[in-house]
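> Sharing a model that was predicted from the sequence below.
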Amino acid sequence: SWSSFLKVIALSATMPKQLCMDICRERGFSDVLIETSRYVNAVTKMPNVSIAVDIVHVKKCALLDKVYDLVMQFLENVPEKKAVFFFSNKTLLRESLHRLKDNASVVGVDADMEDEAKLAVFRDFENRHSTARVVLGTKLISNGLDCSSVKFVCLVDCTVSMIDYLQMTGRIRSSGYVRI
């Protein structure tokens, strides 16, 4: 029974408020719970309202070249800011890291790394004086990264839940650019 719950959170990127309220009534939520609820569309309200989002379809065979080009364009055109690239799998991540291995501005985090090594990469990337300006990783890094100068997030071949999406784009804070 929902009557024993003090709070219920529903997260949706597209559900209108009235539909959410109708579902709550249909499910038997108390009037008090419904009346005291707070509705926020996390995609169109702060902090994500000022984040530009671009969705680009790239053939799998061209994906590594596209990632390389995006990283290089970011490094050349966005001075003193940082970028995060989230990959759907370790193979794609490792192949991209291999292509960018000679660039000191690019670092990577892999789930197979020792915890100390991961923390060292995070600390280096988060240091505003570091040469590391782009970090590549799987969605694992969305939970450990806290860098206020991130202005670009790219989700590479990722299928993510809305919660993961909000966590990943949250690396940007209140303004920046997302490419999916």
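Nice, thanks for sending it over.
> Got the confidence number for Leu136?
Looking at Leu136, its pLDDT reads 94.
> Helices of this protein, residue ranges please.
Shown for the chain, the helices assigned by DSSP state H span residues 17-26, 31-35, 63-77, 90-99, 115-126, 162-169.
> now the chain, which segments are flagged as low pLDDT?
Along the chain, the model assigns pLDDT under 70 to residues 1-15, 38-54, 143-144, 161-163, 166-180.
> number of nearby residues for Asp110?
18 (other CB atoms under 10 Å). In this view, the C-beta of every residue, glycine as well, is placed from N, C-alpha and C.
> what's the distance between it and Lys151?
Plainly put, Asp110 is 24 Å away from Lys151 if you go by CB to CB, to the nearest Å.
> now swap in Pro79 and tell me
From Pro79 to Lys151 the distance is 11 Å (CB to CB).
> Which one's more surrounded, those two?
The residue with more neighbours, out of Pro79 and Lys151, is Lys151; 19 against 7, by other CB under 10 Å.
> just checking, the more buried one touches Val84?
No: taking CB atoms under 8 Å as the definition, Lys151 is not a contact partner of Val84, at 9.7 Å.
> one step back: between the helices of the chain, which one is closest to Val106.
Val106 lies closest, by CB to CB, to one member of the helices of the chain: helix 63-77, at 6.2 Å.
> Return the residue of the protein that is most distant from the centre.
Asp31 (35.4 Å; CA atoms, centre = their mean).
> Tell me who's in contact with Tyr68.
Going by CB atoms under 8 Å, 6 or more residues apart in numbering, Tyr68 touches 96, 99-100.
> Which of these sits closest to Val58?
Ser96 (12.8 Å).
> Leu155: neighbour count?
21.
> Roughly how far does it sit from Val121?
19 Å.
> same check, this time on Leu63
Taken as CB to CB, the span from Leu63 to Val121 is 23 Å.
> okay, these two: which has more neighbours?
When Leu63 and Val121 are compared for neighbours, Val121 comes out ahead with 21 against 17, by other CB under 10 Å.
> Report the contact partners of the more buried one.
107-109, 113, 132, 135.
> Kindly report the same for Val135.
82-85, 106-109, 121, 125, 141, 145.
> quick one: it and Asp69, what's the gap?
Counting by CB to CB, the gap from Val135 to Asp69 is 18 Å.
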